[in-house]
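Q: pasted the sequence and its predicted model underneath.
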Amino acid sequence: MTLWTAQEIADATGGAVHGDFSATGVAFDSREIGPGDLFIAMKGEATDGHRFLDRAFAAGAGGAIVSEEIDRPHVHVADTFEALNDLGRASRARSTARICGVTGSVGKTGTKEALYAALERSARGEAHRSVKSYNNHTGVPLSLARMPRDARYGVFEMGMNHAGELAALTRLVRPHVAIVTAIASAHREFFDSEEAIADAKGEIFQGLEAGGTALVPFDSPHRDRLLVAARPHAATVLTFGFGEAADIRARDIVPAASGGSLVTALLPGAELTYTISQPGEHWVSNSLAVLGAVQAMGGDLAIAGLALADMAGLKGRGERHHVRLDGGTALVIDESYNANPSSMRATLKTLGAQKVAGRRIAVLGAMRELGPGSDDFHAELAEPIEAACVERAILVGQEMAPLAKALGQKVNMTHVPNAATALEALREAIRPGDAILVKGSNSVGLSFLVESLAGGKN
């Protein structure tokens, strides 16, 4: 199905058409181009997309948006970055889809994927979401520009590391429903306090459409701050969580045989018992936000419950690998995509609840962008490590030195400089029956460790 015609692109961007074409997809990375796609030649700090036009057309691009003269089908504009925003804005303007925006310090990608799965299951082929973690000033307009013109639902992740960024993104997305998953000390390098982070996350409510719904975490210490941010912009404000007064709450939670949780949730005018496949209390909280959004968007709650039961772990965010070893297998829990103090504690708690035949091992990479409090944030992980009954810890990166000191002789611990040496240490330590949690900031590169081990998975 045609996503954009050349004339529609020109009308949206104020550009000039040179050679008629139509596009079935949109990308600004030439490596993502497929047959019939539109290539947007973006100029960035490190490179210029115009250098990759030949590669894009060789891959089958139907046309391009450029700010230089070329001899291929294209729309010429003054600024390709502004054209991307214009295209995203035009896509949102023509869409009749119900739209949800998701943000938070932790859990936003998982919540976005779970909500998409819930909506897609009841409206096959009619739900759209931002892929990967395309949640910034380029990823959000790209995700909008990719939304099919006849989509029934759209789910967009929005991130930030400075105040004011979410305000701009949410006014582009214009959601009918806005979720804040949780507030934690992520990106503290750029904020004076968690309260400042809560204020920045609360900007998502500023873009709500008339009659929109805001979903706020009830159990957050910043709940009241978020409620104040939401009320001027939302017709309906709902809290979700575990407290008795939450509008959407988990009344009962019991462990499921699959390793997840069996939950009975109470919603306005509804009750649902369902299984969430992913382990951990944080995933129960995410699922409550998902159900609240499904209800607000007019989706099917029962079908959403089925989707939550079937949801697989996400790469870098809970995906599980059973790795072959001599004499058996070991479980590797891949949480290598990102880390902050809150998410570290949550996943260590999940590791502690994991039934194991062998040992619990934690490979923990440095948490980045924590600012002046970095040493304390790292050292404070000693308590959840001990509480999780971790028998072997491999700490990765110089920022982990305060944690190594705090652990001392309490846990069998190795402190290494990088992912490569962490892999060597883990290969020497791992035994059949072990459960290994791998978690750290993405820049530490622990995904390399997971991929190396998972080459022997079954």
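A: Yep, it's here.

Q: can you pull the contacts of residue 24?
A: The neighbours of residue 24, taking CB atoms under 8 Å, 6 or more residues apart in numbering as the test, are 1-3, 35-37, 62. In this view, the C-beta of every residue, glycine as well, is placed from N, C-alpha and C.

Q: would you list the buried entries among those?
A: Among the contacts of residue 24, those classed as buried by 16 or more other CB atoms under 10 Å are 3, 36-37, 62.

Q: which ones among those lie within helices?
A: Using DSSP state H, no member of these falls within helices.

Q: sitting in strands, which of the residues you listed do you find?
A: residue 37 (DSSP state E).

Q: quick check, nearest of the buried ones among the contacts of residue 24 to residue 143?
A: residue 3 (12.8 Å; CB to CB).

Q: for residue 64, see how far away the most far-flung residue of the chain relative to its centre is.
A: Of all residues in the chain, residue 71 has its C-alpha farthest from the mean position, at 38.9 Å, by CA atoms, centre = their mean. Distance of residue 71 to residue 64, computed by CB to CB, to the nearest Å: 11 Å.

Q: do the same with residue 207
A: 30 Å.

Q: hmm, back to that, any idea how far residue 54 is from the residue farthest from the centre of the chain?
A: For residue 71, the distance to residue 54 - CB to CB - is 11 Å.

Q: that older thread, in what helix or strand does the residue farthest from the centre of the chain lie?
A: Here residue 71 is covered by no helix or strand, with elements defined by DSSP states H and E.

Q: distance check, it against residue 57.
A: From residue 71 to residue 57 the distance is 10 Å (CB to CB).

Q: show me where the stretch 1-150 of the chain has its strands.
A: Using DSSP state E, counting those that start in this stretch, the strands of the stretch 1-150 of the chain run over 4-5, 16-18, 22-23, 25-27, 37-40, 63-66, 74-76, 98-103, 127-129.

Q: where do the strands sit along the stretch 351-458 of the chain?
A: 360-365, 392-396, 412-416, 435-439.

Q: closest to residue 270 out of those?
A: Evaluated over those, closeness to residue 270 peaks at strand 435-439, with 35.1 Å, by CB to CB.

Q: what pairs with that closest one, parallel or antiparallel?
A: strand 328-335 (parallel), strand 360-365 (parallel) (DSSP bridges).

Q: now do the residue lying closest to residue 294 once chain neighbours are set aside, the pLDDT please.
A: Once flanking residues are discounted, residue 294 sits nearest to residue 304: 4.5 Å by CB to CB, 6 or more residues apart in numbering. Note for residue 304: predicted pLDDT of 97.

Q: what does residue 381 give?
A: What the model reports for residue 381 is a pLDDT of 97.

Q: next: residue 458.
A: pLDDT at residue 458 comes out at 38.

Q: thinking residue 337 is in contact with residue 444, fair?
A: No. Taking contacts as CB atoms under 8 Å, residue 337 lies outside contact range of residue 444: 10.5 Å.

Q: please say which of those two ends up with more neighbours.
A: Just comparing residue 337 and residue 444: by other CB atoms under 10 Å the higher neighbour count belongs to residue 444, 25 against 21.

Q: list the contacts of that one.
A: 365-366, 368, 396-397, 418-419.

Q: domain assignment for this protein?
A: What the record gives for the chain is the domain set 4-87, 95-310, 319-454, from automatic domain parsing.

Q: pLDDT on the shortest one, on average?
A: The average pLDDT within domain 4-87 is 96.

Q: which ones are touching the residue nearest the centre of the chain?
A: Closest to where the C-alpha atoms of the chain average out (CA atoms, centre = their mean) is residue 109, at 1.8 Å. Counting by CB under 8 Å, 6+ apart, residue 109 touches 133, 135, 157, 314, 317, 337.

Q: equivalent analysis for residue 381, please.
A: Per CB under 8 Å, 6+ apart, neighbours of residue 381: 341, 344-345, 348, 364, 403, 406.

Q: which one of those sits in the busiest neighbourhood?
A: residue 364 (28 neighbours).

Q: could you check how far it is from residue 444?
A: According to CB to CB, residue 364 stands 9 Å off from residue 444.

Q: now for those two: what residues contact both?
A: Jointly contacting residue 364 and residue 444 under the rule CB under 8 Å, 6+ apart are residue 396.

Q: where in the stretch 151-300 of the chain is pLDDT low?
A: Along the stretch 151-300 of the chain, the parts satisfying pLDDT under 70 run over 187.
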